[in-house]
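> Structure here, sequence nowhere to be found:
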């Protein structure tokens with residue numbers, strides 16, 4: 001069994017969104033399979049939230065002393081959790097601090113998606129000279145005006161035309177159109193067809209993350225947002241990092257920590 005301080009470090013990294021997707025999965029699997037570890041992790045999560053809420057060194061000292069007296073053994077794991085909450089409440093009363101510990105996401109995955117979904121800038125071809133270029137401009141106009149159903153039809157037709165040259169851009173806009181139409185699987189498939197070396201690859205990575213988020217495939221969404229956040233050249237790097245640090249920890253809480261009662 002790890003020392004409480006080591007478990008606290010793990011819990012803190014999890015809560016702050018400082019773990020990679022693989023580290024989170026490893027920790028969650030251990031939580032669900034090891035009852036003793038889960039009980040200690042719950043205690044450390046309560047301690048972390050108390051300290052965050054109060055911001056007081058006296059609280060840390062009081063809580064540490066009370067947790068040192070917690071019940072022991074596998075036979076009292078459920079009573080341990082109730083005891084932890086009682087201890088937390090007692091410390092808050094002693095120090096005159098009031099806080100709420102049932103932390104939930106302020107936004108659902110769908111709401112978070114909607115808050116970050118917007119359309120990329122689109123520019124028509126000037127002086128279109130061929131029927132294909134004219135059709136392309138029409139499709140771009142439909143997309144720009146958020147007419148996603150007709151835009152998806154027009155873009156699909158263009159991509160089937162061997163004379164059409166703007167394939168990566170069209171796959172991007174078709175993917176975004178499908179995303180807006182709640183066809184997340186089709187959106188992800190189209191976004192994957194955007195060439196990695198094209199100027200639209202970064203847009204594709206961003207909308208792929210949003211597609212997984214909208215589909216509530218949270219582990220895949222987290223991995224996709226991490227890729228954006230770790231790309232120093234990505235124009236939405238900061239936005240992705242904020243999502244990972246501020247929103248994703250709350251999404252994963254229902255699967256871990258304080259949810260086994």
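Received, thanks. Remember, it's a predicted structure, so these values are computed and weren't measured experimentally.
> For the residue lying closest to residue 37 once chain neighbours are set aside, identify the helix or strand it belongs to.
Leaving aside its sequence neighbours, residue 37 sits nearest to residue 30 (Cβ to Cβ, 6 or more residues apart in numbering; 5.8 Å). The way it works is simple: take the backbone N, C-alpha and C, and place the C-beta from them, glycine included. Assigned by DSSP states H and E, residue 30 falls within helix 21-33.
> Of all the residues in that helix, which ones are buried?
By neighbour count with 16 or more other Cβ atoms under 10 Å, helix 21-33 contains the buried residues 21, 24, 27, 28, 31.
> closest to residue 245 among those residues?
For those, the closest approach to residue 245 (Cβ to Cβ) belongs to residue 24, at 13.2 Å.
> distance of the closest one from residue 126?
Computed as Cβ to Cβ, to the nearest Å, the residue 24 to residue 126 distance reads 48 Å.
> for residue 203, same thing?
Distance from residue 203 to residue 126, counting by Cβ to Cβ: 22 Å.
> These two - which one has more neighbours?
Neighbours of residue 203 and residue 126, each counted by other Cβ atoms under 10 Å, are more numerous for residue 203; the result is 22 against 7.
> Quick check: that one touching residue 121?
No: using Cβ atoms under 8 Å, residue 203 makes no contact with residue 121, being 10.0 Å away.
> Quick check: phi and psi on residue 192?
Main-chain dihedrals, residue 192, degrees, to the nearest 10: phi -70, psi -20.
> okay, now it: neighbour count?
By other Cβ under 10 Å, 11 other residues sit near residue 192.
> Check residue 6 too.
12.
> how much space is there between residue 13 and residue 246?
Counting by Cβ to Cβ - residue 13 and residue 246 are separated by 15 Å.
> which residue of this structure sits farthest from its center?
Relative to the centre of the chain, the most outlying C-alpha is that of residue 129, 44.5 Å out, by Cα atoms, centre = their mean.
> Now that residue: which helix or strand?
Residue-wise, residue 129 maps onto no helix or strand under DSSP H and E.
> Backbone dihedrals for it, both of them.
For residue 129, the backbone dihedrals (degrees, to the nearest 10) come out as phi -110, psi -20.
> so what's the nearest residue to residue 246 once chain neighbours are set aside up against?
Leaving out its chain neighbours, the residue that sits closest to residue 246 by Cβ to Cβ, 6+ apart is residue 17, at 7.7 Å. In this structure, residue 17 makes contact with 244, 245, 246, 248, 249, judged by Cβ atoms under 8 Å, 6 or more residues apart in numbering.
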